[in-house]
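Undergrad: take this sequence and fold it.
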Amino acid sequence: MKKAILLTVVLGLWSASAALAQDTLWARTYGGEEIENAYWVDPTADGGFIVAGETWGFGAGMNDFYIVKTDESGDTLWTRTYGGVDRDRAYSIHQTADGGYFICGYTESFSARYFDFWLVRIDANGDTLWTRSYGSDQQYETCYCGNLTTDGGYVMAGSVSGTGEFYAVRVDSLGNALWTQTYKPTPTAYVYEAHSIQETDDGGYIIAGHGDSLYVVRTDSNGDVVWDRTYGEGAHAYAVQQTSDGGYAIAGDTPVAGWYDMYLMKIDESGDTLWTRRYKRGDNERSHAHSLRQTSDGGYILAGYTFARSQMVDSVFVVKTDAIGDTIWTRVWGGWTDDQAYCIQTTDDGGYIVAGYTASFGAGADDFYLIKIISVPLVMNCQTFTPVFCRGGDFYFNLRVTNYTEGNLSGILAFSGYRGYDCDPQNLLVALPRQKTFPPGFSEAHYYFKVPNAAVPGWYSTSVGGVFAGHEVFCCMNTDIIQCSPFRTGDNSTWELVEVDRSEATLPRATELYQNYPNPFNAATRIGYSLSEAGNVNLKVYDISGRLVATLVEGYEDLGEHVVAWNASDISSGVYFCKLTTSLHSEVKRMSLLK
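TA: All right, here's what the predicted structure looks like:
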């Protein structure tokens with residue numbers, strides 16, 4: 001709500017509901033009055049999506065496979081159910097080269113005795129081509145995941161009762177079993193379940209799951225163990241993916257003080273741990289990851305859910321990280337009751353598609369929940385910078401911005417201050433909308449508020465927000481949307497106005513262009529400059545012949561210290577000149593690019 005107030009009052013943009021949905025291109029629900037849970041989504045060759053899960057309201061029996069085919073906007077093209085009179089649940093679906101699909105899960109209706117793995121092959125319209133079940137008449141074989149293989153076949157994994165082992169089945173394109181294998185760390189009496197399997201670059205497989213600890217198995221092409229490892233007592237693994245460097249990323253959750261945090265672990269090709277990360281929305285919440293994908297920038301996207309003690313409901317929780325697992329942004333979707341995500345995939349437009357279930361929206365108890373997320377081009381991170389608060393004085397702070405696109409992003413950025421704990425428009429004291437342009441990569445700048453002479457001692461709140469490329473971005477107090485260092489000198493995310501003498505010790509006394517660092521540089525460098533007064537600024541790079549190579553800053557800038565990143569990966573080696581121009585100042589620095 002504070003975000004919406006900021007942009008509505010200062011920029012006159014959208015309502016509160018729209019502000020909360022700017023990263024969502026669309027959201028759809030599918031199902032009836034009974035329970036429908038989605039466990040997998042895959043983008044399809046026609047630009048649409050295929051979603052798999054279970055239904056308790058349609059079909060032949062208790063719960064059945066439930067498949068929904070949509071177009072690119074999420075509108076339903078067709079739905080199908082598959083199953084018998086007993087329990088049948090689909091966990092994965094993948095499109096085949098002929099436009100049809102493999103669906104895997106478990107069946108009780110068509111099992112030898114209890115639960116068996118069940119593989120259903122359908123054509124592009126959802127009509128059944130054949131079905132196969134895999135298991136024995138002595139145990140439960142429960143399938144939780146599956147994946148395509150490079151030869152047109154399929155591989156599935158789950159668990160087998162009695163022994164409590166991972167159970168994996170490899171089949172050809174017609175569903176004929178090529179091999180079955182079981183895996184379990186020893187010695188342990190715990191039941192182990194495999195929840196993710198993927199073929200590796202060398203034709204082997206990587207399998208992840210858990211029992212009393214997180215368990216990962218690396219096999220050869222026949223399913224024989226190359227190595228296996230356990231990690232983190234009490235941790236769970238729900239997703240594994242081979243990464244671009246030949247290692248593996250595993251996502252799930254890990255216990256922390258009686259609760260759970262979303263968990264991401266990176267291991268090398270031999271299974272040795274490189275790093276681990278934990279994520280949660282707040283101190284009084286628990287978070288879990290059900291799905292993981294590596295993104296084109298080398299980072300990761302995780303999806304699952306977060307449970308808030310204050311609201312006692314689950315909400316869809318998505319985390320985007322960089323290549324070493326540090327958080328870039330987080331997002332939450334949901335309503336008045338439970339909503340969870342089970343699968344996330346990247347899409348060709350640079351965004352993401354999320355599948356799960358919602359009890360907050362839709363037609364019944366739980367419905368399929370499909371969310372299309374647009375890419376997030378701009379992320380802000382704010383920090384206080386030795387602020388001094390007094391009547392007529394300056395509130396001075398540091399803004400760090402990362403532009404994840406390849407071009408400049410321009411828009412309106414609003415810096416606002418309010419008297420009181422909330423961003424109440426009636427208590428708005430400072431509003432400084434600025435047209436801003438951020439170049440690709442990392443930028444850092446210092447800004448300030450002029451505290452009005454009419455201000456009285458007390459508590460004040462501060463917010464920053466803007467609109468860039470159609471996306472609302474925020475760095476404000478008590479946000480649930482972006483990670484942000486709060487503006488504060490006191491408690492929580494507020495600052496206290498005190499009656500002290502005005503101090504300008506932190507403000508620059510001259511306009512100056514600093515030498516770039518590093519210099520010489522290879523591909524990327526940072527260029528700093530100070531402004532003794534606000535005004536229009538140009539920061540441009542020229543080659544030795546005087547040709548303009550890059551425009552890094554062009555527009556209004558507040559006084560203060562500023563830092564801009566320049567990525568010259570597409571520029572040839574040589575000598576370049578950076579020129580800073582303001583209404584009263586012009587200065588040039590020489591830079592050397594060495595590759």
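
Undergrad: how close does K540 get to R526?
TA: 16 Å (C-beta to C-beta, to the nearest Å). C-betas here are computed from N, CA, C, even on glycine.

Undergrad: and stretch 511-521, what's buried?
TA: 511, 513-514, 516, 519, 521 (16 or more other C-beta atoms under 10 Å).

Undergrad: can you list contacts of it?
TA: Here stretch 511-521 makes contact (C-beta atoms under 8 Å, 6 or more residues apart in numbering) with 525-533, 566, 568, 578-580, 582, 584-585, 587-589, 591-594.

Undergrad: could you list the domains of the chain?
TA: Annotated domains of the chain cover 379-497, 512-593 [automatic domain parsing].

Undergrad: ranking those domains by mean pLDDT, which is last?
TA: Lowest mean pLDDT within the domains of the chain: domain 379-497, at a mean of 59.

Undergrad: can you dump the C-alpha atoms of stretch 344-351 in PDB for me?
TA: The C-alpha coordinates for stretch 344-351 follow below in PDB (Å, rounded to 0.1, in the frame of the first residue of the first chain):
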ATOM      1  CA  ILE A 344       8.800 -22.100 -12.700                       C
ATOM      2  CA  GLN A 345      10.200 -22.000 -16.300                       C
ATOM      3  CA  THR A 346      11.900 -19.300 -18.300                       C
ATOM      4  CA  THR A 347      10.200 -18.000 -21.300                       C
ATOM      5  CA  ASP A 348      11.500 -16.700 -24.700                       C
ATOM      6  CA  ASP A 349      10.600 -13.100 -23.800                       C
ATOM      7  CA  GLY A 350      13.000 -13.100 -20.900                       C
ATOM      8  CA  GLY A 351      10.300 -13.500 -18.300                       C
END
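
Undergrad: burial measure for A189, as a count.
TA: A count of nearby residues for A189, using other C-beta atoms under 10 Å, gives 7.

Undergrad: from M156, how far off is the closest residue in space to it that isn't next to it in sequence?
TA: Nearest residue to A189 in three dimensions, chain neighbours excluded: G164, at 7.6 Å (C-beta to C-beta, 6 or more residues apart in numbering). G164 sits 18 Å away from M156, going by C-beta to C-beta.

Undergrad: so for those two, which residue has more residues nearby?
TA: Higher neighbour count among G164 and M156: M156, with 28 against 16, using other C-beta under 10 Å.

Undergrad: so that one: helix, strand or coil?
TA: Classification of M156 by DSSP: H, G, I helix; E, B strand; the rest coil places it in strand.

Undergrad: do I have it right that it meets S196?
TA: No. When contacts are counted by C-beta atoms under 8 Å, M156 is not listed as touching S196 (11.2 Å).

Undergrad: list the residues that contact both of these two?
TA: Counting by C-beta under 8 Å, 6+ apart, the residues touching both M156 and S196 are C145.

Undergrad: what pairs with Q340 across the strands?
TA: Taking DSSP bridges, one finds Y357 as the beta-bridge partners of Q340.

Undergrad: so who does it touch?
TA: Contacts of Q340 by C-beta under 8 Å, 6+ apart are 290, 304-305, 314, 316, 356-357.

Undergrad: out of those, what pair is the most spread apart?
TA: Using C-beta to C-beta, the contacts of Q340 reach their maximum pairwise distance at G304 and Y357, which is 12.4 Å.

Undergrad: got any residues that touch both of those two?
TA: The contact lists of G304 and Y357 share 340, 342, where a contact means C-beta under 8 Å, 6+ apart.

Undergrad: quick check: R218 touching V225?
TA: Yes. In terms of C-beta under 8 Å, R218 counts as a neighbour of V225; the distance is 7.4 Å.

Undergrad: okay, those two: which has more neighbours?
TA: Higher neighbour count among R218 and V225: R218, with 20 against 12, using other C-beta under 10 Å.

Undergrad: what's near enough to touch the more buried one?
TA: Applying C-beta under 8 Å, 6+ apart to R218 gives the contacts 200, 204-207, 225-228, 271.

Undergrad: switch to 7 Å and redo it
TA: 204, 206, 226-228, 271 (C-beta atoms under 7 Å, 6 or more residues apart in numbering).

Undergrad: so what's it closest to, chain neighbours aside?
TA: V226 (4.6 Å).

Undergrad: how much space is there between that neighbour and T346?
TA: For V226, the distance to T346 (C-beta to C-beta) stands at 28 Å.

Undergrad: with Q241 instead?
TA: From Q241 to T346 the distance is 11 Å (C-beta to C-beta).

Undergrad: wait, H195 sits on Y238?
TA: Yes. Counting by C-beta atoms under 7 Å, H195 touches Y238, with 4.7 Å between them.

Undergrad: residues near D98, how many?
TA: Other residues close to D98 by other C-beta under 10 Å number 11.

Undergrad: per-residue pLDDT of it, please?
TA: Note for D98: predicted pLDDT of 96.

Undergrad: just say helix, strand or coil for it.
TA: Going by three-state DSSP: D98 is coil.

Undergrad: just list the residues touching it, thanks.
TA: Here D98 is in contact with no residues (criterion: C-beta under 7 Å, 6+ apart).

Undergrad: if you set the cut-off to 8 Å instead, what comes out?
TA: Going by C-beta under 8 Å, 6+ apart, the list of residues near D98 reads 123-124.

Undergrad: now it: how far from C104?
TA: Here D98 is placed at a distance of 18 Å from C104 (C-beta to C-beta).

Undergrad: same check, this time on Y300
TA: 25 Å.

Undergrad: what sits against T79?
TA: 30, 58, 66-69, 126.

Undergrad: need the overlap of contacts for Q241 and T346.
TA: Common neighbours of Q241 and T346 (C-beta under 8 Å, 6+ apart) are R293.

Undergrad: who touches the nearest residue to S221 once chain neighbours are set aside in this structure?
TA: With C-beta to C-beta, 6+ apart as the measure, G203 is the residue that lies nearest to S221, at 4.3 Å, once sequence neighbours are left out. By C-beta under 8 Å, 6+ apart, the residues touching G203 are 150, 220-221.

Undergrad: take those and lay them out in CSV including secondary structure, distance to S573 and pLDDT.
TA: Supplementary listing: the contacts of G203 in CSV, determined by DSSP: H, G, I helix; E, B strand; the rest coil; distance: C-beta to C-beta, whole Å; pLDDT from 0 to 100:
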residue, secondary structure, distance to S573, pLDDT
T150, coil, 41, 96
D220, coil, 45, 98
S221, coil, 45, 97
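
Undergrad: now these as TSV including neighbour count and distance to A90?
TA: Formatted as TSV, the contacts of G203 follow (neighbours: other C-beta atoms under 10 Å; distance: C-beta to C-beta, whole Å):
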residue	neighbour count	distance to A90
T150	8	23
D220	13	29
S221	15	27
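
Undergrad: would you list those residues in CSV and tack on distance to I267?
TA: CSV is the format used below for the contacts of G203 (distance: C-beta to C-beta, whole Å):
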residue, distance to I267
T150, 23
D220, 18
S221, 21
